[in-house]
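Peer 1: quick one: sequence and predicted model below, then my questions.
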Amino acid sequence: MQETVFDRACREIVAILASKPSLTPRDVARVKLDVAKKYALPRIPSNSELIHYASEYEVLKKLLRRKPVRSISGVTVVAVMTKPYPCPQSVPCLYCPGGPRYGTPQSYTGKEPAALRAIQYDYDPYMQVKARVEQLEKVGHRVDKVELIILGGTFTALPRDYVEWFVKRCLDALNGRESNSLEEAKRIAEDAPIRLSGIIVETRPDWCKEGHVDFMLNLGVTRVEIGVQTIYDHVYSMVRRGHRVSDVVEATRIAKDSGLKVTYHLMPGLPGSDRDMDIEMFREVFDNPDFRPDALKIYPCLVVKGSDLYDLWIKGLYKPYGCDELVDLLAEALSCIPPYVRIQRIQRDIPAPLIEAGCRYGNLREYVEAEMERRGKPCRCIRCREVGHRMLKKGVKPRIEDLALSRIEYEASMGIEIFLSIEDKVRDILVGYLRLRIPSRYAHREELRNAAIVRELHVYGPMLPVGFKPTEEWQHRSLGRGLLLEAERIVKEEYDLDKIVVISGLGVKRYYRRLGYEYDGPYMSKRLG
């Protein structure tokens, strides 16, 4: 078989890596990027592809085989998918592929990794979770702390009895034992060997109102991903989205006021938008306090068969961004992202052969981050500054003497957000953080009357920094406890509130019990004397 350009590039990458006496993941990424540019490859070769060309180099194969990024943040993500149900609106969005007539959940092609696993197990939630955990363990990951993400479209539009059964079976798989009810499964999860740190679901803004959020909380959901896509009503009309920007604003406030963490899905390149509008969208999302999500997933608009957008593209009535345009746009747009935001993903998991038009880079994020570095404006989102990612990509470690407490306070969704973090400012490394919210006056949960809520607490290391009050109560306490004590102080001394509430993953509730918190509906809470 004749050697292709891709083959030659992969062999050159392997030869360069093998010639180096020592390697860091950053070295590997740089060599891959340089050679990919040299040969004008449409994408950067993955580590698993390079292994095929590295048969003579066992040490190199071992380095390439590892996937530390899957659990480097301290939590392993397990993704499952619900069975196909029709879109909650009569006609799907213009760009949306999939759906029951194709045998897949709405908005999925059926070829995404999570979808393939779901189809393999006939969408059985128990088998999906069990198989994924076993798969992760086989490649060397310690699966002792898990975040469960439930994919499959508009979660809150699914039949409620099906949803409760689905979550129960997911918990049964993680717990390692059968339960008789969802409530029993939730109780078992509190002491299970695999600690469930959170449950994430996807929904639409018009399906994220008070009743929907209450249902999510009862299931143990801790984060909601909202399909915002754009912030322009005329674009919503063009793509048949079926809701307005006002629904986004309301859904965001209700979710935050209930303690949920909020991720926006944004879709640059939609019909009716352009480069300037898309860049302005990113700016407005963080300049305008009506929005200001905690995290982003950026899914550039792609043309896929099975969507009505495909027909427009065939007729020459729509043209998506090319890869170079998209890298340029996102490198500029992401330079305005605040440091309290985590960019979770850039690009859908759709296999390149299924993309009829649009950027086919599966590793688009690498190109965007490299371009931002070239411009001297590296990404400063949470993910890029996490201690694990800084060590993996840059080989940089924090120093305990340089750790300090940092605080960002901002208005959001008619309330006040306080982002506390432990950072090595010298090396721009984030070690841990806490999100504290003073809810708006429209908060509907009774548990949050005259109270503040901790929406997120995440710590990457056990070191204790400078910056806290030098009192005995800080002795022998972890960073998590230190951040929580600082939040309690702020709530009592600065806002004159006598109650603090925490939204907690099922597997973390015992941790808060040890710190004096009590069960309070779906939350944990503490009176501040």
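Peer 2: Structure received. Residues are numbered from 1 along each chain as shown.

Peer 1: next one: phi and psi at L405?
Peer 2: Here is the backbone geometry of L405 (degrees, to the nearest 10): phi -80, psi 130.

Peer 1: per-residue pLDDT of it, please?
Peer 2: Each residue has a pLDDT score; the one for L405 is 96.

Peer 1: what about the spatially closest residue to V341 that is not a sequence neighbour, neighbour count?
Peer 2: Excluding the flanking residues, the one nearest V341 by C-beta to C-beta, 6 or more residues apart in numbering is C381, at 5.5 Å. Heads up, the C-betas are built off the backbone N, CA and C, glycines and all. A count of nearby residues for C381, using other C-beta atoms under 10 Å, gives 20.

Peer 1: now C381: how far from V31?
Peer 2: According to C-beta to C-beta, to the nearest Å, C381 and V31 sit 25 Å apart.

Peer 1: once you drop chain neighbours, what's closest to F155?
Peer 2: Per C-beta to C-beta, 6+ apart, closest to F155 is V201, 4.0 Å.

Peer 1: residues in contact with stretch 344-361?
Peer 2: Stretch 344-361 is contacted by residues 42-44, 109, 111-114, 263, 269, 295-305, 310, 313, 319-323, 326, 330, 362-365, 367-368, 383 when judged by C-beta atoms under 8 Å, 6 or more residues apart in numbering.

Peer 1: pull out the buried residues from that stretch.
Peer 2: By neighbour count with 16 or more other C-beta atoms under 10 Å, stretch 344-361 contains the buried residues 344-350, 354-361.

Peer 1: looking at those residues, which is nearest L17?
Peer 2: L17 lies nearest to Y361 out of these, by C-beta to C-beta, at 21.6 Å.

Peer 1: per-residue pLDDT, that closest one?
Peer 2: Y361 is given a pLDDT of 93.

Peer 1: tell me how far it lies from C323.
Peer 2: For Y361, the distance to C323 - C-beta to C-beta - is 6 Å.

Peer 1: which neighbours do those two have in common?
Peer 2: 42, 367.

Peer 1: just to revisit the earlier point, so which elements touch the helix or strand hosting the residue nearest to F155?
Peer 2: Following DSSP states H and E, one finds V201 within strand 195-203. When contacts are defined as 3 or more C-beta pairs under 8 Å, 6 or more residues apart in numbering; DSSP states H and E, strand 195-203 packs onto strand 145-151, helix 160-175, helix 210-219, strand 223-229.

Peer 1: how about those in TSV, adding mean pLDDT and mean neighbour count?
Peer 2: Listed next are the helices and strands packed on strand 195-203 as TSV, based on pLDDT from 0 to 100; neighbours: other C-beta atoms under 10 Å:
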stretch	mean pLDDT	mean neighbour count
strand 145-151	96	22
helix 160-175	98	20
helix 210-219	99	18
strand 223-229	99	24
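
Peer 1: any chance of the ones you listed in JSON lines with distance to G415 as columns?
Peer 2: As requested, the helices and strands packed on strand 195-203 are exported to JSON lines (distance: least, C-beta to C-beta, whole Å):
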{"stretch": "strand 145-151", "distance to G415": "25"}
{"stretch": "helix 160-175", "distance to G415": "28"}
{"stretch": "helix 210-219", "distance to G415": "15"}
{"stretch": "strand 223-229", "distance to G415": "16"}
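
Peer 1: closest one to P439 among those?
Peer 2: Of all those, helix 210-219 comes closest under C-beta to C-beta, at 12.8 Å.

Peer 1: on the three-state scheme, the one residue sitting closest to the centre of the chain is what?
Peer 2: Nearest to the geometric centre of the chain sits Q344, at 3.9 Å (C-alpha atoms, centre = their mean). Classification of Q344 using DSSP: H, G, I helix; E, B strand; the rest coil returns strand.

Peer 1: how close does it sit to E386?
Peer 2: From Q344 to E386 the distance is 12 Å (C-beta to C-beta).

Peer 1: just K168 next, same as before
Peer 2: Counting by C-beta to C-beta - K168 and E386 are separated by 32 Å.

Peer 1: follow-up on the earlier one: pick the one among the buried residues of stretch 344-361 closest to G415.
Peer 2: Distances from G415 to those, taken by C-beta to C-beta, are shortest for Q344, at 22.8 Å.
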